[in-house]
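# Only the shape, not the letters, is given here:
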């Protein structure tokens with residue numbers, strides 16, 4: 001009876017393992033309850049930790065997939081923008097072609113198309129935040145705006161946009177591959193500013209801008225072989241500078257520029273013989289050179305230029 005009351009095995013019969021285990025449970029209730037609670041807490045903690053790990057992995061995977069999707073959409077958007085910008089640039093190149101400048105029937109069409117191009121670049125600058133990776137694109141957009149304003153006879157807006165383009169291009173962190181593009185756009189913008197100054201009789205300012213653009217293209221060509229676009233732009237810049245010298249009655253300096261431009265045109269013609277814009281540009285250079293020879297009464301040279 002004492003053993004029974006104290007929870008000890010009684011000796012009336014051989015105790016079984018189950019019987020002994022039940023007696024131990026009755027004697028160690030507090031310790032076993034505590035151990036059970038600890039074990040349950042460990043199991044619950046492990047389950048919660050496992051669930052949180054699974055949830056975190058799912059969230060990480062979802063975030064990664066969302067990031068990849070956003071990157072894909074951004075890439076597609078950039079590709080579409082590049083295609084749109086190339087189309088606008090091509091349209092702008094054709095509309096601004098010097099060959100069409102004095103065609104009366106084209107004036108209204110040109111102005112309408114230029115207004116659309118102007119709206120395109122203005123929307124781009126408004127919608128795209130200032131991002132160092134987009135600095136070159138912003139600079140080109142300002143340069144295109146300057147060109148459009150020039151064609152629309154808006155001198156102050158053209159100059160403002162051109163100066164902003166030069167500011168961005170001068171601080172553009174370009175890789176070696178993109179440095180040539182930056183130099184080309186800088187030279188083009190300098191020539192634009194030079195033409196603005198020349199058209200308003202500011203010959204000293206025009207000479208300075210033309211000379212800066214020409215020097216940049218020459219320096220770039222001395223480091224790496226120049227491409228067709230750079231050579232074409234350099235020939236154009238030399239022709240612009242020759243006009244300044246002509247207006248200042250400096251025929252020798254003008255002729256020196258035009259002869260260099262003609263040598264560039266000859267090289268370009270061998271590489272791009274079927275480019276009508278290049279052929280037209282060379283014709284303008286030869287015409288200006290012929291007029292220079294006429295001014296010094298060198299008629300044979302003038303006839304040669306006219307024949308070419």
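Great, that's in hand. Predicted, not measured: the structure shown is a model, and the values here were computed from it.

# for residue 297, phi and psi?
phi 60, psi 30 (degrees, to the nearest 10).

# So, low pLDDT: which residues of the stretch 151-300 of the chain?
Applying pLDDT under 70 to the stretch 151-300 of the chain picks out residues 173-178, 222-226, 272-274.

# one more time with 90
151-158, 160-162, 164-186, 188, 199-201, 216-236, 242-243, 246-300 (pLDDT under 90).

# Centroid-nearest residue for the chain?
Residue closest to the mean C-alpha point of the chain, counted by C-alpha atoms, centre = their mean, is residue 137 at 3.5 Å.

# what about that residue, distance to residue 165?
Distance, residue 137 to residue 165, by C-beta to C-beta, to the nearest Å: 11 Å. For glycine as for every other residue, the C-beta is placed from the backbone atoms N, C-alpha and C.

# Same question for residue 141.
Residue 141 is 8 Å from residue 165, by C-beta to C-beta.

# These two: who's more crowded?
residue 165 (26 against 23; other C-beta atoms under 10 Å).

# distance between the helix or strand hosting the more buried one and the chain's centre?
Under the criterion of DSSP states H and E, residue 165 resides in helix 155-170. Centroid displacement of helix 155-170 relative to its chain, using C-alpha atoms, centre = their mean, to the nearest Å, is 17 Å.

# contacting residues around that helix?
Applying C-beta atoms under 8 Å, 6 or more residues apart in numbering, the contact partners of helix 155-170 are 135-136, 138-140, 142-143, 145-147, 149-150, 182, 185-186, 189-190, 192-193, 196, 199-200.

# That helix: what's the following helix or strand?
helix 176-199.

# and that following helix with helix 155-170, angle?
Using axes from the mean of the first three to the mean of the last three C-alpha atoms, to 10 degrees, the direction of helix 176-199 lies 160 degrees away from that of helix 155-170.

# quick revisit: only the buried subset of the contacts of helix 155-170, as a ChimeraX command please.
Here is the ChimeraX command that selects the buried residues among the contacts of helix 155-170 (16 or more other C-beta atoms under 10 Å):
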select :135,136,138,139,140,142,143,145,146,147,149,150,182,185,186,189,190,192,193,196
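
# count of neighbours near residue 48?
10.

# And it, which helix or strand is it part of?
helix 29-95.

# Which stretches in the stretch 201-308 of the chain count as helices?
Assigned by DSSP state H, counting those that start in this stretch, the helices in the stretch 201-308 of the chain fall at 203-223, 228-247, 251-271, 276-295, 299-307.

# quick one: residue 270 and residue 197, what's the gap?
In terms of C-beta to C-beta, residue 270 sits 34 Å off from residue 197.

# who has more neighbours, those two?
Counted by other C-beta under 10 Å, residue 270 and residue 197 do not tie: residue 197 has more neighbours, with 21 against 8.

# right, and that one touches residue 206 too?
Yes. Under the criterion of C-beta atoms under 8 Å, residue 197 makes contact with residue 206 at 4.0 Å.

# my read: residue 258 touches residue 236, true?
No. If you go by C-beta under 8 Å, residue 258 and residue 236 don't touch, sitting 11.8 Å apart.

# who's more crowded, those two?
Using other C-beta under 10 Å as the criterion, residue 258 and residue 236 rank with residue 258 on top: 28 against 23.

# For the more buried one, give me its contacts.
238, 239, 242, 285, 288, 289, 292.

# Turn those into TSV, columns for neighbour count and distance to residue 303.
Listed next are the contacts of residue 258 as TSV, based on neighbours: other C-beta atoms under 10 Å; distance: C-beta to C-beta, whole Å:
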residue	neighbour count	distance to residue 303
238	25	23
239	26	20
242	26	20
285	25	16
288	20	15
289	25	12
292	23	13
